[in-house]
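Colleague: Let me see the structure of the following:
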Amino acid sequence: MFQSEDQHILLKDSARCVPRYLFRAFSNQSRGTNSATEAIPDASCYHTTITADEKLISSTKHMISDHLLYKYSTPSEFSSWSSSLLFVLRHAIRRAHQSSLQDTNVFICVLDTTTLPDDLQIYPATAIMAAYDIKPIVVRPLARNDKRNWLVPHYYLGEYLLHGPLSLTASKCAAVKMQAVSLDCLEHTGLYFLLPALNNATSNSLAPEVRALRRALSGRDAKLEPLLPVHIGAFSTLGRLFGTSFALPVTVAFLTLRRWQTWPGQQVLDTILDSFEGFEGPNEAGPERLDWENGDGLAITDEMFVVSEARMLRRLMQDLVARNRHRDEESKRAKNGFKMEIVQDEIDSEDLSCLIGDIQLSSQESEAKTEPETSKGLDVQNGNQVQSDERSHSATEVSLSATLGALATSAVSLDESFRNLVQALQPKVSDAAPPLPRDAVLKELEKSREALKSLSEASGRLGGLLGQDQEEVPATLAGLEKDL
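Modeller: Numbering: from 1, shown residues only. Now for the predicted structure:
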């Protein structure tokens, strides 16, 4: 393949506009070598050379033109693929049942273009025609008086040319994903029951047949039906024939061969995704740009030349990718939402025990300090030096005793609640342990807050009775309440 610098730039840019999933039909009588693992053109060599030699470039232009015109007399460096499953299915059916060839072993093949190695390039046919300035020609059939135009660009919308040999047995193609299923297998799995229009024979050539089918299935006057779970299940049966990697996208390709009454919403998307649980999920829909497939700048005489089913395939895959990611995020939030992380700066059970021990020790020391104060008061009274009223002293002693009792009770309750909470949270360090129920966490936290509140009130009353500076205890408790 010889090309000028300008042609190289145009084709390199067009290669970014290739859909992720492409299809082709082949049989024993197709040109080149074809199988479930190979798509090898019939040229003897394959190269990409940038040159200014017009003769060499012209030879490549001639080879491309003959390839597009199905002239097998000129060896080709390309294999043809299509973004239209509709075109490929109809082409396969014609070869197997309605042509003079009566081909046997007709297969439908799907390719994930994102898995191709860098040295295997695939281009939109319309981009190659533009790059090599391939013009339409008029052909007069020998047996007819009418004229036919060939090599009209919009005839090739949706066709893509893969340059070079593709063989899954080659080391460079080890990562390529490609799968083939026989037409016979699809037919026996209900292809015509789901899409009976596919098997309607006409006297037209392939391209007009495909446009007529497209108009009947997705045109303005198409009979629209609601998309039901039964449709998804039936088409998924066909899709699963193509294996784990292609079950979902091929099912979507079948679903988008026609328009439905409404575009699939969230419920339908979930039904599709649930149908393929355990299969390879959607992670990328393909390129944003499909410039060469939309027919931009072409004088299209019929809107049915535009491959609407390919655009719907890409759009539905985009929706599925987005919905699948959203579901994954929801699942992660549900899994991690009730797991409370215990970080180093939070108070664990040992810290709490130390704190409560300090509070209880402070309470005991305070109680002990009241004894000499009381004795002193009695001595002064005996010495007729009354410093306080005896009744007031008795009331204070009772209040102090009650306050210390409340303080001890609150401390024990807080200690017990915190121990339960910490013990309940311990399983979170093991992924295999069941998640902690939210209600249990909230219940323990509420008990801790109530106990802490009682402890704080008791410490405040104690400070007032003793007339001492108790700032350290309330401050510590306030910090603990903030952590909670």
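Colleague: quick one: low-confidence parts of the stretch 301-450 of the chain?
Modeller: Applying pLDDT under 70 to the stretch 301-450 of the chain flags the ranges 301, 337-446, 448-449.
Colleague: Go again with 50.
Modeller: 340-348, 370, 373-389, 427-434 (pLDDT under 50).
Colleague: And the stretch 151-300 of the chain, by the same measure?
Modeller: Judged by pLDDT under 50, no stretch of the stretch 151-300 of the chain qualifies at all.
Colleague: So Leu22: helix, strand or coil?
Modeller: Secondary structure state of Leu22, per DSSP: H, G, I helix; E, B strand; the rest coil, is strand.
Colleague: Find the nearest non-adjacent residue to it, please.
Modeller: Trp81 (4.0 Å; C-beta to C-beta, 6 or more residues apart in numbering). From N, CA and C alone the C-beta is placed, and that goes for glycine too.
Colleague: Which helix or strand contains the one you found?
Modeller: strand 78-82 (DSSP states H and E).
Colleague: rewinding a little: can you name the residues bridging to the residue nearest to Leu22?
Modeller: Tyr160 (DSSP bridges).
Colleague: And it, how close does it get to Met178?
Modeller: 10 Å (C-beta to C-beta, to the nearest Å).
Colleague: where do the contact lists of those two overlap?
Modeller: Leu111 (C-beta atoms under 8 Å, 6 or more residues apart in numbering).
Colleague: if we can go back for a sec, after the strand holding Trp81, which helix or strand is next?
Modeller: helix 85-93.
Colleague: what inclination does that following helix have with respect to strand 78-82?
Modeller: 120 degrees (axes from the mean of the first three to the mean of the last three C-alpha atoms, to 10 degrees).
Colleague: Please, where are all the strands along this protein?
Modeller: 2-3, 21-26, 33-34, 38-40, 49-50, 78-82, 107-112, 122-124, 137-139, 148-150, 159-163, 166-167, 178-182 (DSSP state E).
Colleague: need those strands in CSV with distance to His97 and mean neighbour count, can you?
Modeller: Shown next, in CSV, are those (distance: least, C-beta to C-beta, whole Å; neighbours: other C-beta atoms under 10 Å):
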stretch, distance to His97, mean neighbour count
strand 2-3, 40, 21
strand 21-26, 13, 25
strand 33-34, 19, 18
strand 38-40, 23, 20
strand 49-50, 42, 12
strand 78-82, 20, 25
strand 107-112, 14, 23
strand 122-124, 30, 23
strand 137-139, 27, 11
strand 148-150, 25, 11
strand 159-163, 23, 24
strand 166-167, 28, 20
strand 178-182, 14, 20
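Colleague: With distance to His91 as extra columns, can I get those strands in TSV?
Modeller: Listed next are those as TSV, based on distance: least, C-beta to C-beta, whole Å:
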stretch	distance to His91
strand 2-3	29
strand 21-26	5
strand 33-34	14
strand 38-40	15
strand 49-50	32
strand 78-82	8
strand 107-112	9
strand 122-124	18
strand 137-139	20
strand 148-150	17
strand 159-163	11
strand 166-167	19
strand 178-182	14
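Colleague: For Val210, find the nearest of those.
Modeller: Val210 lies closest, by C-beta to C-beta, to one member of those: strand 78-82, at 9.8 Å.
Colleague: What mean pLDDT does the closest one get?
Modeller: Taken as a whole, strand 78-82 carries a mean pLDDT of 96.
Colleague: Dump it to CSV, keeping only the CA atoms.
Modeller: Output in CSV follows, covering the C-alpha atoms of strand 78-82 (Å, rounded to 0.1, in the frame of the first residue of the first chain):
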residue,chain,number,x,y,z
PHE,A,78,-7.5,-5.7,2.4
SER,A,79,-10.4,-7.6,4.1
SER,A,80,-13.8,-6.0,4.2
TRP,A,81,-15.7,-5.5,7.5
SER,A,82,-19.0,-3.7,8.3
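Colleague: what sits up against it?
Modeller: Taking C-beta under 8 Å, 6+ apart as the rule, strand 78-82 contacts 22-24, 32, 39-41, 64, 67, 88, 111, 122, 125, 158-163, 166.
Colleague: so how far is Ser73 from the residue nearest to Leu22?
Modeller: 22 Å.
Colleague: Could you do Arg95 as well?
Modeller: 20 Å.
Colleague: Compare these two and say which is more crowded by neighbours.
Modeller: Arg95 (21 against 5; other C-beta atoms under 10 Å).
Colleague: And the pLDDT at the more buried one?
Modeller: 88.
Colleague: That one touches Asp103, doesn't it?
Modeller: Yes. With contact defined as C-beta atoms under 8 Å, Arg95 and Asp103 form a contacting pair (4.4 Å).
Colleague: Quickly list what's touching both of the two.
Modeller: Taking C-beta under 8 Å, 6+ apart as the criterion, Arg95 and Asp103 both touch 27, 29.
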